[in-house]
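Q: sequence? don't have it. structure:
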């Protein structure tokens, strides 16, 4: 069964930027769901006497004040304890499945990097988690990940190297989610296809970028920038 229509607001790679959240949500109040695919906080340049967990609490409180459903993942820069914060507010999608409007959303956060960041699940951990979640899916589904699938427009760093996840790529090609929302590689904003799946990364919110996805019988994505509106 298809939903009658769903408008999804994608806020990726927030990196502590609360002012852009306010600007975007004032403009895009007419939305059915907010998805944040990770890097809610930042390791450096935090306000004095505020931890990353303090900032995560503040950002989630800001998001939920609009009374729009919210689903979030931790990114590789978010401390593992961020998962408990997301659970406390009922917005956690990491290693979970949520159903809205006859669409299943499954999610997995974090990403491996060369930099020993806060939350870096291994490829076997990703594989096991996604396969377990897939068994619970009963409807058409959306995959939300912080780490993009390898060898796509969403995982290319400035050197031209593809640094995404092989296991996420294989899962997408095998299981065919209608939509994949990712984050992490700031320079690789894209609307792409991987097999039968639409792949979407709108770019980092801290630079003013956000995404709009309209889901009906097909998926249509838009990349917007609040600073250029």
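A: Everything's here; your move. This structure is a prediction, so every number in the text was calculated from the model and none was measured.

Q: what's the offset of the least confident helix or strand in the chain by mean pLDDT from the middle of its chain?
A: The least trusted helix or strand in the chain, going by mean pLDDT, DSSP states H and E, turns out to be helix 18-27, with a mean of 93. Mean-position distance between helix 18-27 and its chain equals 17 Å (Cα atoms, centre = their mean, to the nearest Å).

Q: helices and strands around that helix, which ones?
A: If you count contacts as 3 or more Cβ pairs under 8 Å, 6 or more residues apart in numbering; DSSP states H and E, helix 18-27 packs onto helix 52-64. Glycine gets a C-beta too; all of them are placed from N, C-alpha and C.

Q: Residues touching the helix or strand just after the helix it packs on, excluding its own?
A: Scanning forward in sequence from helix 52-64 by DSSP states H and E, the next helix or strand is strand 70-72. By Cβ atoms under 8 Å, 6 or more residues apart in numbering, the residues outside strand 70-72 that reach it are 33-38, 40, 60, 63-64, 86, 89, 91-94, 98, 105, 107, 144.

Q: Quick one: name whatever helix or strand follows strand 70-72.
A: helix 82-88.

Q: That following helix - contacts with which helices or strands?
A: Counting by 3+ Cβ pairs under 8 Å, 6+ apart, helix 82-88 packs on helix 52-64.

Q: Tell me the buried residues in the helix it packs on?
A: 52, 55, 56, 57, 58, 59, 60, 63 (16 or more other Cβ atoms under 10 Å).

Q: cool, stretch 187-203 as well?
A: 188-192, 194, 197-203.

Q: Go ahead and confirm residue 18 touches residue 57.
A: No. Look at residue 18 against residue 57 with Cβ atoms under 8 Å: they stay out of range, at 11.7 Å.

Q: How about the contacts made by residue 15?
A: By Cβ under 8 Å, 6+ apart, the contact set of residue 15 is 39, 40, 41, 42, 77, 204, 205, 206.

Q: Going by distance to residue 175, which of those residues wins?
A: Nearest to residue 175 out of the contacts of residue 15 is residue 39 (Cβ to Cβ; 24.9 Å).

Q: Not counting sequence-adjacent ones, nearest residue to the closest one?
A: Nearest residue to residue 39, sequence neighbours excluded (Cβ to Cβ, 6 or more residues apart in numbering): residue 75, at 3.2 Å.

Q: Look at the one you found and report its pLDDT.
A: With respect to pLDDT, residue 75 has a value of 98.

Q: What distance do you get for the residue most central in space within the chain to residue 94?
A: Nearest residue to the geometric centre of the chain (Cα atoms, centre = their mean): residue 37, 1.6 Å. With distances taken as Cβ to Cβ, to the nearest Å, residue 37 is found 10 Å from residue 94.

Q: can you list residues touching both of these two?
A: Contact with both residue 37 and residue 94 is made by residues 72, 73, 107, 109, according to Cβ under 8 Å, 6+ apart.

Q: hmm, which of these are the buried ones?
A: Among the shared contacts of residue 37 and residue 94, those scoring as buried are 72, 73, 107, 109 (criterion: 16+ other Cβ under 10 Å).

Q: will you turn those into CSV that also has distance to residue 216?
A: Formatted as CSV, those follow (distance: Cβ to Cβ, whole Å):
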residue, distance to residue 216
72, 24
73, 25
107, 22
109, 28
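
Q: which one of these is nearest residue 225?
A: Among those, residue 72 lies closest to residue 225 (Cβ to Cβ), at 21.5 Å.
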